[in-house]
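Engineer: Give the three-dimensional model of this entry:
(one chain, ligands or ions: 3)
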Amino acid sequence: MRAPIHDTLGRPLGALRMSVTDRCNLRCSYCMPEDDYVWLPREGLLDFDELARVARLFSELGVDRIRLTGGEPLLRRGLPDLVAKLLLLETIGEVALTTNGVLLDSQAAALAAAGLRRITVSLDTLDPARFQRLTRKDEHARVLAGIDAARGAGLAIKLDTVVLRDVNDDEIIPLLRYAASIGAELRFIEYMDVGGATRWRRASVVTREEILVRVREAFGAVEPLSGRGSAPAETYRLPSGASFGVIASVTAPFCRACDRSRVTADGMWYPCLYAARGLDLKAALRGGATDDMLRALLETAWRKRDDRGAEVRALLPDREALIPASALRGDPHLEMHTRGG
Ligand code: SAM
Ligand code: SF4
Ligand code: SF4
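Structural biologist: Ligands and ions are numbered 1, 2, ... in the order given. Sure, this is the predicted structure:
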């Protein structure tokens, strides 16, 4: 086992998010609010052998956790085969998946059979009409059916909720009760000004402090749990013993402990969600680079990493959407749904 590789801020290369597609079957207002999108060319997407090679190379450099994401990862045909392929890599301790749940009903069993154990489902509301307004699709019932199917298949479930002021902030408590009823841990996410969030406004962010006030009002004392490590969520325990998390990327960025990087479905590697530039791994992969050459490329880039995007954003006095829609059309890699949340 080799020593971890550290970046300029002493952060080890630890977790990798692999986006398997930039396509999505929802249009969440905080992620894909525009009418039209420029998509990655299909022929440019890495195939499963290429994705598995990328995963292996990263794992040989210290990555021990992989999360498959998108866009909507369940739109990628044959995804369980990729899960099985990644789990064959002895150096990868954990493969997880983040999904909007729409297609989970039909795929949960196959994913579990492929060896997946943990899944995160994004769920922002319990109200079907509100879901439709928020995502522009009438798919709420399928998401709930997908969560049931995941439970039935024995997958450990986490729920992620982006909290938006005057949109779903009245559901903090109902969502916590729902999560408890299905034995899932819920994590509230502050609305982030990432690429793609062209409607972001500071006033729409419901902060960690506000969330905690509302939870205390409903349940009483909330005990912070220690030992967050490099995980983005701070976790808290309710008097019932159930726990929940808050990802406070806007008001309390956690860049100093961030060991995550992201690969897009077409093989661009980004050291940070906010990074302006990435490294073109596909060009190297398809250009005949050897494993040694690729590992050297990754190692050199990680050692130079100095990104702390959310921290830098937090220092801005007048914070607005990160990137205007016109610029996003010039480079889809700047989109959250391409980069993989
Ligand atoms: N489509 C899948 C899903 O929604 O779970 C996976 C990709 S999505 C980009 C991953 C996560 O990013 C989701 O939990 C979503 O809520 C979150 N996300 C997207 N835009 C966000 C924003 N502006 N602020 C905070 N979280 C965001
Ligand atoms: Fe919503 Fe995820 Fe699709 Fe973004 S990628 S629009 S968060 S479902
Ligand atoms: Fe990591 Fe960048 Fe997010 Fe900070 S903003 S936590 S460095 S991905």
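Engineer: contacts, neighbours, all on C-alpha from now
Structural biologist: Will do.
Engineer: What parts of the stretch 151-300 of the chain come near ligand 3?
Structural biologist: Taking Cα under 6 Å from any ligand atom as the measure of proximity, the stretch 151-300 of the chain contacts ligand 3 at 254-255, 258, 272-274.
Engineer: hmm, 5 Å instead?
Structural biologist: Residues of the stretch 151-300 of the chain lying near ligand 3 by Cα under 5 Å from any ligand atom: 255, 258, 272-273.
Engineer: which residues touch the nearest residue in space to Val102 that is not next to it in sequence?
Structural biologist: Using Cα to Cα, 6 or more residues apart in numbering and skipping the chain neighbours, the partner closest in space to Val102 is Val143 (4.7 Å). By Cα atoms under 8 Å, 6 or more residues apart in numbering, the contact list for Val143 reads 100-105.
Engineer: which stretches of the protein aren't confidently modelled?
Structural biologist: 1 (pLDDT under 70).
Engineer: In it, what residue spans correspond to strands?
Structural biologist: Listed in chain order, the strands of the chain (DSSP state E) span residues 15-19, 65-69, 94-99, 118-122, 156-163, 185-190, 223-224, 234-237, 243-247, 260-263, 268-270, 279-280.
Engineer: Can I get the ones you listed in JSON lines including distance to ligand 1 and mean neighbour count?
Structural biologist: What follows is these, written out as JSON lines (distance: least, Cα to the nearest ligand atom, whole Å; neighbours: other Cα atoms under 10 Å):
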{"stretch": "strand 15-19", "distance to ligand 1": "8", "mean neighbour count": "25"}
{"stretch": "strand 65-69", "distance to ligand 1": "5", "mean neighbour count": "24"}
{"stretch": "strand 94-99", "distance to ligand 1": "4", "mean neighbour count": "20"}
{"stretch": "strand 118-122", "distance to ligand 1": "4", "mean neighbour count": "22"}
{"stretch": "strand 156-163", "distance to ligand 1": "5", "mean neighbour count": "21"}
{"stretch": "strand 185-190", "distance to ligand 1": "6", "mean neighbour count": "24"}
{"stretch": "strand 223-224", "distance to ligand 1": "22", "mean neighbour count": "14"}
{"stretch": "strand 234-237", "distance to ligand 1": "15", "mean neighbour count": "19"}
{"stretch": "strand 243-247", "distance to ligand 1": "9", "mean neighbour count": "23"}
{"stretch": "strand 260-263", "distance to ligand 1": "12", "mean neighbour count": "24"}
{"stretch": "strand 268-270", "distance to ligand 1": "15", "mean neighbour count": "22"}
{"stretch": "strand 279-280", "distance to ligand 1": "20", "mean neighbour count": "16"}
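Engineer: got TSV for the ones you listed, with distance to Glu34 too?
Structural biologist: Shown next, in TSV, are the strands of the chain (distance: least, Cα to Cα, whole Å):
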stretch	distance to Glu34
strand 15-19	20
strand 65-69	21
strand 94-99	20
strand 118-122	20
strand 156-163	18
strand 185-190	21
strand 223-224	38
strand 234-237	31
strand 243-247	25
strand 260-263	23
strand 268-270	23
strand 279-280	27
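Engineer: Next up, the contacts around Asp105.
Structural biologist: 142-143, 145-150.
Engineer: 7 Å instead?
Structural biologist: 145-146, 149 (Cα atoms under 7 Å, 6 or more residues apart in numbering).
Engineer: likewise Gln132?
Structural biologist: Residues counted as contacts of Gln132 (Cα under 7 Å, 6+ apart) are Asp138.
Engineer: From Asp292, how far off is it?
Structural biologist: Distance from Gln132 to Asp292, counting by Cα to Cα, to the nearest Å: 49 Å.
Engineer: re earlier: out of the contacts of Val143, which end up buried?
Structural biologist: Neighbour-count burial (16 or more other Cα atoms under 10 Å) is assigned, among the contacts of Val143, to 100-105.
Engineer: Nearest spatial neighbour of whatever residue of the stretch 201-341 of the chain ends up closest to ligand 2, chain-adjacent residues omitted?
Structural biologist: Closest residue of the stretch 201-341 of the chain to ligand 2, Cα to the nearest ligand atom: His337 (4.6 Å). The spatially closest residue to His337, leaving aside those adjacent along the chain, is Gly71, at 4.6 Å (Cα to Cα, 6+ apart).
Engineer: So what does the one you found have for phi and psi?
Structural biologist: phi 20, psi -160 (degrees, to the nearest 10).
Engineer: I am assuming it contacts Met18, so please confirm or correct that.
Structural biologist: No - with contact defined as Cα atoms under 7 Å, Gly71 does not count as touching Met18 (10.6 Å).
Engineer: Quick one: residues contacting the residue of the stretch 201-341 of the chain closest to ligand 2.
Structural biologist: 22, 31, 70-71.
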